[in-house]
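**Q** Below are the sequence and a predicted model for it; my questions follow.
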Amino acid sequence: MVRKGTEEDLPSVFGLIRELAIYEKGEHQMITSLEQMKVDGFGPQPIFEFFVVEHAGSIVGSAVYYIRYSTWKGKRLYLEDLIVTESARGKGYGKALLDRIVEEARDTNCTGVMWQVLDWNEPSINFYKQYGASLDSGWINCHLDI
């Protein structure tokens, strides 16, 4: 059901990412391309990896991640996106992907998994709470586009 993603999977995953951007009302902020993702994921210095979940021969979900380092916690797995296409939600695919992410973190000796969720995304917040995830309201997200 869940497997490591390959370069051939990227067009489907890119479609899921676009679907997520639309859902999160941020499609206008999406500047990456499929071609750039191929370089960034499968070029000489890959900077992300991903898992996919399939149903009936089609990719219905993906979890994109990378390793980051915390000076307080050490090696951490950062879950950039956990996406299940709308028509496949509620069927256990998100759980299967998140379980595989946790397994990957353990297998690679990470001290934990980190991710973000929009404060209005109640279905996702409730999903993450089922795992006992800490939802930290004490930090403000910062970014600098260059």
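**A** That came in fine, so what should we check first? Numbering: from 1, shown residues only.
**Q** Just the pLDDT for G5.
**A** pLDDT for G5: 98.
**Q** Repeat that for N121.
**A** Looking at N121, its pLDDT reads 81.
**Q** what do you get for G132?
**A** So G132 comes in at 85 (pLDDT).
**Q** Pull the number of nearby residues for it.
**A** 6 (other Cβ atoms under 10 Å). Just so you know, the C-beta spots here come from the backbone N, C-alpha and C atoms, and that holds for glycine as well.
**Q** so who does it touch?
**A** If you count contacts by Cβ atoms under 8 Å, 6 or more residues apart in numbering, G132 has none.
**Q** Just grab the bridge partners of the residue nearest the centre of the chain for me.
**A** For the chain, the residue sitting closest to the mean C-alpha position, by Cα atoms, centre = their mean, is D81 at 2.2 Å. Per DSSP bridges, the residues bridged to D81 are V64.
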